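Asks: Got a sequence here, can you build the structure:
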Amino acid sequence: MKKKLRFFLIFTLLLFTNTLILGQNAAPILIATGNQIFCPGTPIKIVTSMTITDTDDIGIDAIYVQISSGYSVGEDLLTLTGIHPSIVSTWNATTGTLSLTGVSGQPTYVELVAAIKEIEFSSSAINPSGIRNFSIAVGQANYLPSNGHYYLYVPNVGISWSNARIAAQASTYYGLQGYLATLTSAEEAQIAGEQTTGAGWIGGSDEANEGVWRWMTGPEAGTVFWNGNISGFSPNFAFWNNGEPNNSNDEDYAHITAVGVGILGSWNDLTNVGEASGVYQPKGYIVEYGGTPGDPVLQIATSTTLLIPSIQPVATYGVCENDSVILNAAAINGVVNWYANPSGGLPLATGNQFTTPTLSNTTIYYLDAFEAGCTTGTRVPLTVNSIEKPLLTVTSPISFCESASGVLSASTTSGTVNWFTNFTDNSPIATGTTFTLPQLLTSINYYVQANNNNCLSPREQVSIIVIPKPVLLNDVQLNICEGSTLNLNAESIEPSYLWSTGETTEQIAVSSQGQFSVQVTNSFNCSATRFFDVTVNATPVISEIITNQSNATIVTTNEGDFQFSINGIDYQNSNSFQNLQGGNYVGYVFETNGCGFDEKPFFVISYPDFFTPNGDGYNDTWTVKGVFNVSNAEVSIFDRFGKLIAILNAANPDWDGTLNGQFLPSTDYWFIAKIDNNTPSKKGHFTLKR
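Replies: Got it, this is the predicted structure:
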């Protein structure tokens, strides 16, 4: 730590001493002219005139000529031409700088001016483009003509950001106040980042507010240049490397990346001291001079500019066959020339637009930019593709039956088929060789057109004629009696019929229940369907009449819309009858739609469930009511063991609970009532209570 502090103090003292010395020496004034047009393939002097004025010196150690903006590494070159025995030139391809120094001792300004006038710029690029700015300066700091600032990389392995900030602030350059660089444009980022010799600190930090990066130094101090992390955004300009800033280990300070780490000249965030070794170890810092209030006005650097005529990127065009098209192009630093061939020949036209003749095949035109007798190196091709015009085939008019959903079809020799609702509509309702119609009630027109890469066929009208379907009577519901036959009639004058039974006559006869339909077709082959809902009404048949005491239930062998009666006069929907007196009855069943009638006689036997033969005058005997109205009817009474106890008939209709004059015990007894030979016998039981 003591060694680092001692080094810092010594370095600061040297800077201060240098400042005093420079301050005692009048700064030279450099003036150059020579803003010119560069013809690709032809080297050109970077100045047309050059002067250096110095009131107290006749020479200087070195002059530095740099391609300060627009520099293309590996293609652009500065070369000292002519014979200059006292001057040595050194080219640095990394920084784009040509240094002029003395062979032995300090060269004079006269010798340096003569050499500067002989410096040539050349480019190995086939089609170079853009602008080249050249700075001519007396110091090693890179000079940027667009803002008049100077940028100096100071090597210092391991220096922290805070110490670099102090050191930069303590330095001056020909009286200009230094500060840790603030790079607010792509030009500054290139000259201070790409065109330096190592990685170093710049003046950005988010130490005050995490994620809000500000310039902390120089005239831009306090200006926000980035918000957020990797996925953040810049309100003006930032040049972070891929995946930066990532705030790994609470990194709050901006640093230009080492060569080979991601994008050349881009930034990453580091802690105040960075890494102890490797590519993330600080190797120095960038000092910027210029823009500080109170700075002297200097002319220790001057600049010239070369404009390179070039063609902006051109698009590939398409034109419908046998049509012409207006082509557009623009030149940078020049005027566009249009040619039919890649080289030679006179221009077909000059200017940003060229109207082609009628083209039937794909054609290539060639362009260059012309300015002050200079053209771009290689002509740029522009291809105009000839696109086939589609031929459309479609049938019109087309007939469809009313309420039908049909399909329209069309074919094209190329491209796609689009369908429209009117002649001028630009938005198709469907795309494809087929179009499914909605259900149509009236005639209508649709329109179809083929499109092959915006080459259009004529838009064709497709007329849809809607043919009315046959008019039929309403669907009906019909009833027939079981075993009967019913005629169904289509009641239409159309020529064709098809029944659901397969028959093809206007009328058919049916005898079964179900839904029947007839499809009626007119002469245009349009059909309509009428439905007949046929119900078969069953003829009632009584299977039995079940009696239970005073109740009777009429049971039929089938079901239907039946009504029931036991007197033939009063009918009801229910088949059950209650509270009947014992005796003979007839059960009747009637089908309400007139489909039949049935009747069946039955006998109701009514008896008490118990009797009390105790001589109190109530329930002293047991009998079966109504049985003995029939001659020869008899009722046999048995005990629980099947022993015949008594026989009741018309002459002896009651039982008093005795046998041979003896009282029988209280218990259950059984009976069999025989009415006649046609009526089934009735069995039952009752209770004797004493």
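Asks: Quickly note the distance from residue 550 to residue 626.
Replies: 10 Å (Cβ to Cβ, to the nearest Å). (Each C-beta comes from the backbone N, C-alpha and C, glycine too.)
Asks: So between those two, which is more surrounded?
Replies: Shown here are residue 550 and residue 626; by other Cβ atoms under 10 Å, residue 626 has more neighbours (20 against 16).
Asks: Could I get the pLDDT score of that one?
Replies: We have a pLDDT of 78 for residue 626.
Asks: and if you look at residue 480?
Replies: pLDDT, read off for residue 480, is 94.
Asks: and what of residue 197?
Replies: 65.
Asks: what about the helices in this structure?
Replies: Applying DSSP state H to the chain gives helices spanning 2-24, 109-117, 161-169, 186-189.
Asks: Quick check: mean pLDDT of the last one?
Replies: Yep, that's helix 186-189 we're talking about. For helix 186-189, mean pLDDT is 94.
Asks: can you check the second one too?
Replies: Averaged across helix 109-117, pLDDT comes to 97.
Asks: ditto for the first one
Replies: Predicted confidence along helix 2-24 averages 39 (mean pLDDT).
Asks: Low-confidence regions, the protein specifically.
Replies: 1-25, 197-198, 377 (pLDDT under 70).
Asks: Buried residues, the biggest strand by length in it. List them.
Replies: Identified as the longest strand of the chain according to DSSP state E is strand 527-537. Buried residues in strand 527-537, counted by 16 or more other Cβ atoms under 10 Å: 527, 528, 530, 532, 534, 536, 537.
Asks: between the residues you listed, which is nearest residue 256?
Replies: Of all those, residue 256 sits closest to residue 527, with 84.7 Å by Cβ to Cβ.
Asks: and that closest one, bridged to which residues?
Replies: As for beta bridges, residue 527 partners with residue 521 under DSSP bridges.
Asks: Would you confirm that it contacts residue 517?
Replies: No: Residue 527 is not in contact with residue 517 according to Cβ atoms under 8 Å; the separation is 11.1 Å.
Asks: For the stretch 1-150 of the chain, which segments count as strands?
Replies: Ranges of strands in the stretch 1-150 of the chain, per DSSP state E, counting those that start in this stretch, are 29-33, 36-37, 44-45, 49-53, 62-69, 76-80, 87-92, 97-102, 119-123, 130-137, 142-144, 149-155.
Asks: and if you look at the stretch 501-650 of the chain?
Replies: Under DSSP E, counting those that start in this stretch, the stretch 501-650 of the chain gives strands at 507-510, 514-521, 527-537, 542-548, 551-556, 562-565, 576-577, 583-591, 597-604, 610-611, 634-638, 644-648.
Asks: Buried residues in the fifth one, which are they?
Replies: If you call a residue buried by 16+ other Cβ under 10 Å, then strand 551-556 has these buried ones: 552, 553, 554, 556.
Asks: can I get the strands of the stretch 1-150 of the chain in CSV with distance to residue 166 and mean neighbour count?
Replies: Conversion of the strands of the stretch 1-150 of the chain to CSV gives the following (distance: least, Cβ to Cβ, whole Å; neighbours: other Cβ atoms under 10 Å):
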stretch, distance to residue 166, mean neighbour count
strand 29-33, 31, 18
strand 36-37, 44, 17
strand 44-45, 43, 16
strand 49-53, 34, 17
strand 62-69, 27, 24
strand 76-80, 36, 18
strand 87-92, 29, 16
strand 97-102, 28, 20
strand 119-123, 38, 19
strand 130-137, 26, 22
strand 142-144, 22, 27
strand 149-155, 12, 21
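Asks: beta partners for the nearest residue to residue 117 once chain neighbours are set aside?
Replies: Closest residue to residue 117 apart from its sequence neighbours, by Cβ to Cβ, 6 or more residues apart in numbering: residue 50 at 5.5 Å. Per DSSP bridges, residues listed as beta-bridge partners of residue 50: residue 32.
Asks: Surely residue 50 and residue 134 touch.
Replies: No: look at residue 50 against residue 134 with Cβ under 8 Å: they stay out of range, at 11.2 Å.
Asks: wait, doesn't residue 573 sit right on residue 563?
Replies: Yes: with contacts counted by Cβ under 8 Å, residue 573 reaches residue 563, the gap being 6.0 Å.
Asks: quick one: which of the two has more around it?
Replies: Using other Cβ under 10 Å, the more surrounded residue of residue 573 and residue 563 is residue 563, with 16 against 9.
Asks: how close does the more buried one sit to residue 578?
Replies: Residue 563 is 17 Å from residue 578, by Cβ to Cβ.
Asks: Could I get the CA-only coordinates of stretch 446-459 as CSV?
Replies: Provided in CSV are the C-alpha atoms of stretch 446-459 (Å, rounded to 0.1, in the frame of the first residue of the first chain):
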residue,chain,number,x,y,z
TYR,A,446,-68.6,-12.1,-55.7
TYR,A,447,-65.2,-11.0,-57.1
VAL,A,448,-62.0,-13.0,-57.5
GLN,A,449,-58.5,-12.0,-58.4
ALA,A,450,-55.1,-13.8,-58.5
ASN,A,451,-52.0,-12.1,-56.8
ASN,A,452,-48.5,-13.2,-57.6
ASN,A,453,-46.1,-11.1,-55.5
ASN,A,454,-48.4,-8.0,-56.1
CYS,A,455,-48.8,-8.7,-59.8
LEU,A,456,-52.5,-8.9,-60.2
SER,A,457,-54.8,-10.6,-62.7
PRO,A,458,-57.9,-8.6,-63.7
ARG,A,459,-60.6,-8.9,-61.0
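Asks: which residues sit against that stretch?
Replies: Here stretch 446-459 makes contact (Cβ atoms under 8 Å, 6 or more residues apart in numbering) with 318, 320-321, 387-392, 394, 408, 410, 412-423, 425, 435, 460-462, 464.
Asks: Tell me the buried residues within these.
Replies: 318, 320, 387, 389-390, 392, 394, 408, 410, 412, 415, 417-420, 435, 460, 462, 464.
Asks: Out of those residues, which sit inside strands?
Replies: Per DSSP E, these map to strands at 318, 320, 387, 392, 394, 408, 410, 412, 417-420, 435, 460, 462, 464.
Asks: tell me which of those is nearest to residue 190?
Replies: residue 318 (38.3 Å).
Asks: In the sheet, which residues pair with that closest one? Tell me.
Replies: When bridges are called by DSSP bridges, residue 318 pairs up with residue 385.
Asks: cool, and residue 332?
Replies: residue 310.
Asks: wait, it sits on residue 310?
Replies: Yes: using Cβ under 8 Å, residue 332 is in contact with residue 310, at 4.8 Å.
Asks: Please list all residues in contact with residue 370.
Replies: 309, 331, 334, 335, 336, 337, 350.
Asks: who touches the second one in this structure?
Replies: Residues near residue 331 by Cβ under 8 Å, 6+ apart: 309, 310, 311, 312, 352, 369, 370, 371.
Asks: Now the fourth one. Nearest residue, chain neighbours left out?
Replies: Closest residue to residue 312 in three dimensions, ignoring its sequence neighbours and counting by Cβ to Cβ, 6+ apart: residue 330, at 4.7 Å.
Asks: just the third one next, same as before
Replies: Nearest non-adjacent residue to residue 311, counting by Cβ to Cβ, 6+ apart: residue 380, 4.6 Å away.
Asks: what about the one you found, how many neighbours?
Replies: With other Cβ under 10 Å as criterion, residue 380 counts 19.
Asks: which residues does it contact?
Replies: 127, 311, 314, 366, 367, 368.
Asks: could those residues go into JSON lines alongside neighbour count and distance to residue 604?
Replies: Below are those laid out as JSON lines (neighbours: other Cβ atoms under 10 Å; distance: Cβ to Cβ, whole Å):
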{"residue": "127", "neighbour count": "16", "distance to residue 604": "123"}
{"residue": "311", "neighbour count": "22", "distance to residue 604": "120"}
{"residue": "314", "neighbour count": "17", "distance to residue 604": "114"}
{"residue": "366", "neighbour count": "20", "distance to residue 604": "122"}
{"residue": "367", "neighbour count": "22", "distance to residue 604": "121"}
{"residue": "368", "neighbour count": "25", "distance to residue 604": "126"}
